[in-house]
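Peer 1: Sequence and predicted structure below; questions after.
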Amino acid sequence: MYKVVSVIVFSFIFLAIPAKSAEVNVYSARKEALIKPVLDSFSTKTGIRVNLITGNADALISRIASEGKFSPADVLITTDVGRLQRAKSKGLLQPVESDMLTNWVPARLRDSDNQWFALTKRARTIMYAKERVSADELSSIEGLSEDKWKGRICVRSSGNIYNQSMVAALIEQLGEQQTLEWAKGLVSNFARPPKGGDRDQIKAVAAGQCDIAIANTYYLAGMLTDSDDTQVQAAQKVSVFWPNQGDRGVHVNISGAGIARFAANKEAAKTLLEFMLTEKAQAWYAKHNGEYPVREGVEKSAVLKRFGDFKAESIPLQRVGELNSAALVLMDNAGWK
Amino acid sequence: MSASHVTAGPARIWRLASLGPALMLALPVVVVMLSVLQPQWQVWQHLAQTVLWDYISNSLLLAFGVGLGTLILGTSLAWICHHYEFPGRSAFEWLLLLPMAMPAYIIAYCYTGLLDFAGPVQTAVREQTGWAYGDYYFPEVRSLGGAILMLTLVLYPYVFMLARNAFRDQAQSLLEVSRAAGLSPTGYFIKVAVPMARPAILTGVALAMMEAFADFGTVEYFGVNTFTTGIFRTWFGLGNAQAAAQLSALLTTFVLLLLLLERGSRSKIKYYYQGHKHHSQNPQRPSALVSVVLLCCCLLVLAAGFLIPLLMLINWVWGTGLAQFNGQFLSLMWNSFSLALVAAFLVLVLALLFAYGRRLRDDPLIRMPVTLASMGYAVPGTVIAVGVMLPLAWFDKSLDALMQAWFGISTGLMFSGTLFALLLAYAVRFLAVSLNQVEAGLERIKPSMDQAAQSLGFGPLKSLQRIHLPIMKASLLSAVLLVFVDVLKELPATLILRPFNFNTLAVRTYELASDERLSDAALPALSILVVGILPVIILARAMNRESR
């Protein structure tokens, strides 16, 4: 009898714990399928429950802003530095003091006030048709505005955030005038008006509609590991070229996270950020998203290794976020649809 | 429409009951419109110099192209199914409604996959002929024309459904009289049937055009710059929410014009339902050749709007397997289904409240906010969501401050981030759909019926329940169905407003598809169709029963 009672009592206590246990509310611009597994393993490990909403980064930012001090958001995750910067400038984030985070994330990949931290790196680079282009013909992103590429380049629209960030980084490094000239040259080399996503550009290269695409590497990685054979075959016709290796390096953006200003569960939120930067989580992330880990020493996935190593741009990413709208205006002026 | 015979008392109560909901629904659109008060000259100057004319011309071309396409396709198919007896006719009456369940962005993904330069069709052509890029002409799917075609293929059922109901109401005697007067069947179609069905047909066309104005997924994927993509670019890219809202306000003025046109055309003519006694027209039996041609026409549209994309989805699911299909996926289906159902009935009740109130006594105080709310149908869901979010957050904060001051308790966010916010957004977004159906249904009932009911001592509620609702059952059903399917497919507002840990099939589909994982997106997309088809079939059967 005593046993039965104690079992009941214990199971009640056991059941009561998760109900009372800490939780953390995550607003994520990273898609559910790409983040849920990491959050689940976080919950298993720490017993902290994670509540999740996914959505467009700007919409989530608007939601946090309109909810104000009552906002349930503890953590904001985005897939682009511009959005983190926007959240910061609207006063929606707060500084996080964590030795782990500051040690693990290089200064260039976090906010100067520690309001946001990179979780992964994503490289936007040149991809070319193996059959029709040799790597010798390529050198830098700037080179893509040369006449020899007339009618041979595919890239998605200027509405896309990755292009906006890439151009913003160029503005920071080359200056506005030179970037505009470059953008005009690039647009005149387009094989077709921009349409579709990054995968579509890669497929167009594979099919022969264009010879060069600008795309993020994880799209190619995703195609190479796709269950659909036609995707794999298309991806195999395309090679990665790392531009600007002699000078400033290739354009790199991040996915990252920050803690909301009115976070009710600040400690749990901090624990979550730290967890996502542990070696194990970083390795998983890099493997499943085809992105590059932020921490040094974490192994890249097999597909990424095949693409080779590269030198990345070293400008503070904060500037990329700040120049976002300037980049869009510039692309409009260059006629980049 | 005002029926001054109704005593003032009940009409006043009805009016009071409508006022609150009407104002609440108008609020999000008003919030968007109010953005005009803080002009963003710099952004506008930039837009006007670069992309604004593209937005305007593409949006107008898209909307009018879709309007024309759905008009032709919807009306002619409705006539074929109504007027001719050919093999498979009764099946096509509901089969031709199925494309309605197909989200436009999914059909766009499917046809791009199939017909794009890198797709199987063109690849096969190149392999057969040895041609390379530039050696041959192939129409570009991802273009304005392609977008018009895609939207027409999934939106024509709106016109089809309404036109067919209207044709059904036309009596056999009408056809006989026209025959006797020397009109050929084609002459009857052009000179009698279509003009008489005009209010219904135009309602359908207006709905399709509004949907085209609001479309984001298709035009974005196709690289066609319209108002909706412009709103997103301005808001997200330039980071200027005000200017984005002003673009939406400009878009809504286009829609307002459209609505006024439609209203105007409807108010000029009125045809009333003749009661159950009349014989509806007997279908004609055409020659064998004509039968085959008609069958092929119907089959072609069905294949293009439904079967081909369906097969592509099945093919993708086949490739990836059913690994995604687990308990979580079932809850996803349940969320989508229950949310759509609740929203559909909620919007129906609101539409009945407003439409019947208007029949009792046309009141500008109600009509204006309702018209404003109706424009929500053409406003992109994201913009509506923001329009819902801001006033609700304001209300929550004010309530909290009040409660703090009076009782010292903090109520926090009462409505923001709840299903209530989501349902409110749906109501604004889809009121027009339901309202149009209900109004079309009510308009076909002679005012003399109301007078008769009143002379029997029925109050407004009782005559609505006993007289109007039974007569307009078909309209009510289509109202519920259309909103159900629309909510099922709805994406942007759901994405922003939903509570924690709450996902729908559309959200799941979009997340995977926008990550360009089309094959993984196929299963949730297919599930949208499965959940959406069921009510389409129920509706079609109910309509048939109604008419026979």
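Peer 2: Nice, I can see it.
Peer 1: C-alpha only now, for contacts and for neighbours.
Peer 2: Noted.
Peer 1: what about the stretch 1-150 of chain A, any weak spots by pLDDT?
Peer 2: Under the criterion pLDDT under 70, the flagged ranges of the stretch 1-150 of chain A are A:1-21.
Peer 1: Going by residue numbers, what spans are helices in it?
Peer 2: For the stretch 1-150 of chain A, applying DSSP state H, counting those that start in this stretch gives helices covering A:2-20, A:32-46, A:57-67, A:81-89, A:99-104.
Peer 1: helices or strands up against the second one?
Peer 2: The contact analysis (3 or more Cα pairs under 8 Å, 6 or more residues apart in numbering or on different chains; DSSP states H and E) places helix A:32-46 against strand A:49-54, helix A:266-276, helix A:279-289.
Peer 1: Would you tell me which one of the ones you listed is buried the most?
Peer 2: Comparing the helices and strands packed on helix A:32-46 by mean neighbour count (mean count of other Cα atoms under 10 Å in any protein chain shown), strand A:49-54 comes out on top with a mean of 22.
Peer 1: same for that strand, what does it pack against?
Peer 2: In this structure, strand A:49-54 packs against strand A:23-28, helix A:32-46, with contacts taken as 3+ Cα pairs under 8 Å, 6+ apart.
Peer 1: Can I get the ones you listed in JSON lines including distance to A:A281?
Peer 2: Listed next are the helices and strands packed on strand A:49-54 as JSON lines, based on distance: least, Cα to Cα, whole Å:
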{"stretch": "strand A:23-28", "distance to A:A281": "17"}
{"stretch": "helix A:32-46", "distance to A:A281": "7"}
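Peer 1: Give me whichever of the ones you listed is most buried.
Peer 2: Comparing the helices and strands packed on strand A:49-54 by mean count of other Cα under 10 Å gives strand A:23-28 as most buried, with a mean of 24.
Peer 1: Show residues contacting that one.
Peer 2: Contacts to strand A:23-28, defined as Cα atoms under 8 Å, 6 or more residues apart in numbering or on different chains, come from residues A:48-55, A:57, A:60, A:72-78, A:265, A:268-269, B:500.
Peer 1: Alpha carbons of that strand, as PDB, please.
Peer 2: Output in PDB follows, covering the C-alpha atoms of strand A:23-28 (Å, rounded to 0.1, in the frame of the first residue of the first chain):
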ATOM      1  CA  GLU A  23       9.700  27.800 -20.400                       C
ATOM      2  CA  VAL A  24      11.100  30.000 -23.100                       C
ATOM      3  CA  ASN A  25       9.100  31.600 -26.000                       C
ATOM      4  CA  VAL A  26      10.800  31.700 -29.300                       C
ATOM      5  CA  TYR A  27       9.900  33.900 -32.300                       C
ATOM      6  CA  SER A  28      11.700  32.400 -35.200                       C
END
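Peer 1: Please tell me how far B:P157 sits from B:G204.
Peer 2: 8 Å (Cα to Cα, to the nearest Å).
Peer 1: pLDDT averaged over stretch A:297-311, what's the number?
Peer 2: Averaged across stretch A:297-311, pLDDT comes to 87.
Peer 1: Over to stretch B:529-537?
Peer 2: Per-residue pLDDT over stretch B:529-537 has a mean of 82.
Peer 1: Is stretch B:31-42 positioned near chain A?
Peer 2: No. Under the criterion of Cα under 8 Å from any Cα of the partner chain, stretch B:31-42 makes no contact with chain A; the nearest approach is 11.1 Å.
Peer 1: Was I right to think A:T125 contacts A:V240?
Peer 2: Yes. Counting by Cα atoms under 8 Å, A:T125 does reach A:V240; the two are 7.3 Å apart.
Peer 1: overlap in contacts of these two?
Peer 2: Overlap of the contact sets of A:T125 and A:V240 (by Cα under 8 Å, 6+ apart) consists of A:T217.
Peer 1: Run a quick neighbour tally on B:V290.
Peer 2: Using other Cα atoms under 10 Å in any protein chain shown, B:V290 has 13 neighbouring residues.
Peer 1: Residue ranges of each domain in chain A, please.
Peer 2: Listed domain ranges for chain A are A:2-121+A:252-299, A:123-250+A:312-334 (source: automatic domain parsing).
Peer 1: out of these, nearest to B:V43?
Peer 2: domain A:123-250+A:312-334 (9.3 Å; Cα to Cα).
Peer 1: For the closest one, what is the distance to the chain centroid?
Peer 2: Mean C-alpha position of domain A:123-250+A:312-334 versus that of the full chain (Cα atoms, centre = their mean, to the nearest Å) differs by 16 Å.
Peer 1: can you check stretch B:345-360 too?
Peer 2: 17 Å.
Peer 1: Give the rounded mean pLDDT of that stretch.
Peer 2: For stretch B:345-360, mean pLDDT is 90.
Peer 1: what comes up buried for that stretch?
Peer 2: Using 16 or more other Cα atoms under 10 Å in any protein chain shown as the test for burial, stretch B:345-360 gives B:345-360.
Peer 1: still on that earlier bit, weakest of the helices and strands packed on helix A:32-46 in terms of mean pLDDT?
Peer 2: helix A:279-289 (a mean of 85).
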